[in-house]
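Student: Okay, structure incoming, though there's no sequence with it:
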Ligand code: GFB
């Protein structure tokens with residue numbers, strides 16, 4: 001069960017309970033049916049809020065998460081505990097990836113529940129919050145390519161962050177400007193500062209990924225935004241919104 005900042009702030013209990021049920025049912029069923037490998041998803045938003053940067057895989061349990069999504073964060077952290085327990089008790093090599101903010105075609109463009117980029121693409125001219133927070137965004141097609149590599153080649157039980165580099169972190173304003181450019185929007189962009197900014201930053205290191213995949217190239221941000229905007233416009237009638 002995933003959602004943007006605002007859905008998390010409204011439903012921390014649902015995010016905690018539903019994701020805990022999913023964790024236990026999926027992993028126990030995999031074990032019962034002798035599934036050899038399970039790759040679960042955590043997220044870079046589950047790391048401690050008060051932390052040093054860049055965040056890396058060793059810091060998952062080093063302190064409380066940001067208050068806005070504590071239910072989701074603690075439930076997702078429990079997957080790492082589950083994976084370690086299946087390894088120590090049964091030798092299962094179940095693992096997890098830690099994607100940063102994902103976006104792309106077929107996203108959830110719902111304005112209230114979705115994440116920032118699909119929300120901006122759907123709304124275009126209204127940015128919630130100040131636009132100052134920083135995020136690393138990963139294009140869904142790049143994440144899918146990396147996910148197949150993890151499934152086939154990554155053999156650690158410890159999780160691995162799947163993110164663009166720290167140098168590719170952008171502000172929400174820069175992300176909004178990229179959407180405005182891609183949609184050729186000519187109107188005024190307004191910032192609704194009555195809406196929360198959420199976590200200011202959660203800068204994650206992709207050094208572990210780079211150690212395994214120094215060759216991997218991410219789709220340039222503006223190209224990925226353009227492809228996502230073009231998909232949304234061409235599929236407006238069927239897009240989740
Ligand atoms: O993607 P998002 O909702 O989640 O981004 P997080 C929230 C940031 O974008 C805040 C700004 O700074 C918002 O003020 N923002 C601007 C908007 N316009 C919009 C808009 O139209 N919609 C939305 N949603 N935000 C989530 C976690 O944190 O990260 C989830 O809460 C999940 O659990 C996800 O893990 C990856 O990046 O703040």
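Tutor: All right, it came through fine. Bear in mind that the values here come from a model prediction, so they are computed numbers and not experimental data.

Student: C-alpha only now, for contacts and for neighbours.
Tutor: Noted.

Student: Near the ligand, which residues of the chain are found?
Tutor: Those residues of the chain that sit near the ligand, judged by CA under 6 Å from any ligand atom, are 3-5, 8, 43, 45, 69, 72, 101, 111, 114-116, 119-120, 127-129, 133, 172, 196-199.

Student: And the helices in this protein?
Tutor: With DSSP state H as the criterion, the chain has helices at 5-10, 12-32, 70-90, 116-123, 140-153, 172-182, 207-212, 221-234.

Student: Check which helices and strands the second one sits against.
Tutor: Taking 3 or more CA pairs under 8 Å, 6 or more residues apart in numbering; DSSP states H and E as contact, the helices and strands that helix 12-32 lies on are helix 70-90.

Student: and the helix it packs on, what other elements does it pack with?
Tutor: helix 12-32, strand 95-99.

Student: and residue 69, how many neighbours does it have?
Tutor: Neighbour count for residue 69, taken as other CA atoms under 10 Å: 26.

Student: can you check the one 5 residues further on too?
Tutor: Taking other CA under 10 Å as the neighbour definition, residue 74 ends up with a count of 20.

Student: Kindly compare burial across the helices and strands packed on helix 70-90 and name the winner.
Tutor: Each of these was assessed for mean neighbour count using mean count of other CA atoms under 10 Å. The highest is strand 95-99, with a mean of 23.

Student: Now do it: distance to the chain's middle.
Tutor: Chain-centre distance of strand 95-99: 10 Å, with CA atoms, centre = their mean, to the nearest Å.

Student: List the pairing partners of that strand within its sheet, with orientation.
Tutor: strand 39-41 (parallel), strand 160-162 (parallel) (DSSP bridges).

Student: mind putting these in TSV, mean neighbour count included?
Tutor: As requested, the strands paired with strand 95-99 are exported to TSV (neighbours: other CA atoms under 10 Å):
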stretch	mean neighbour count
strand 39-41	18
strand 160-162	24
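
Student: Dump these to CSV, plus mean pLDDT and distance to residue 107.
Tutor: Shown next, in CSV, are these (pLDDT from 0 to 100; distance: least, CA to CA, whole Å):
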stretch, mean pLDDT, distance to residue 107
strand 39-41, 98, 16
strand 160-162, 98, 18
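
Student: Dump the ones you listed to JSON lines, plus distance to residue 21.
Tutor: JSON lines is the format used below for the strands paired with strand 95-99 (distance: least, CA to CA, whole Å):
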{"stretch": "strand 39-41", "distance to residue 21": "14"}
{"stretch": "strand 160-162", "distance to residue 21": "23"}
